[in-house]
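1. This is the structure alone, sequence omitted:
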C-alpha cells in the first residue's frame with residue numbers, strides 16, 4: 001500500500017495551483033474571505049498571471 005503525501009500550500013507553486021485557477025475563482029474568494037474577514041465580503045477576483 002502506497003502512503004499518501006500531502007502538498008504544502010505554503011510553497012508558492014502549490015499555492016498558485018490551489019488558489020490561482022482562473023477556472024475556479026471561488027476557491028480563492030473563499031480563502032480570502034476566511035483569512036481577511038472583510039466587512040464587505042469579496043465576491044469576485046481578477047487573477048493576473
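-> That came through fine. These numbers come from a predicted model, not from an experiment.

2. mind checking how far the residue most central in space within the chain is from residue 2?
-> Centroid-nearest residue in the chain: residue 19, 2.5 Å away (criterion: Cα atoms, centre = their mean). Using Cβ to Cβ, to the nearest Å, residue 19 is found at 27 Å from residue 2. The way it works is simple: take the backbone N, C-alpha and C, and place the C-beta from them, glycine included.

3. could you point out which element follows the helix or strand of the chain with the lowest mean pLDDT?
-> Within the chain, judged by mean pLDDT, DSSP states H and E, the helix or strand with the poorest mean is helix 12-19; its value is a mean of 94. Moving toward the C-terminus from helix 12-19, the next helix or strand (DSSP states H and E) is helix 25-36.

4. by contact count, what packs against that next one?
-> helix 12-19 (3 or more Cβ pairs under 8 Å, 6 or more residues apart in numbering; DSSP states H and E).

5. tell me what the helix it packs on is packed against?
-> On a contact count with 3+ Cβ pairs under 8 Å, 6+ apart, helix 12-19 meets helix 25-36.

6. What residues sit buried inside the helix it packs on?
-> 28, 29 (16 or more other Cβ atoms under 10 Å).

7. Now it: average pLDDT?
-> What helix 25-36 shows for mean pLDDT is 97.

8. now it and helix 12-19, what's the angle there?
-> 110 degrees (axes from the mean of the first three to the mean of the last three Cα atoms, to 10 degrees).

9. So what touches helix 25-36?
-> Contacts to helix 25-36, defined as Cβ atoms under 8 Å, 6 or more residues apart in numbering, come from residues 18, 19, 20, 21, 38, 41, 42, 43, 44, 45, 47.

10. and the fifth one, what is it in contact with?
-> Contacts for residue 38 (Cβ under 8 Å, 6+ apart) come out as residue 32.

11. Which strand or helix spans it?
-> Judged by DSSP H and E, residue 38 forms part of no helix or strand.

12. mind checking the backbone torsions on it?
-> Main-chain torsions, residue 38, degrees, to the nearest 10: phi -70, psi 150.

13. roughly how far apart are it and residue 21?
-> Using Cβ to Cβ, residue 38 is found at 21 Å from residue 21.
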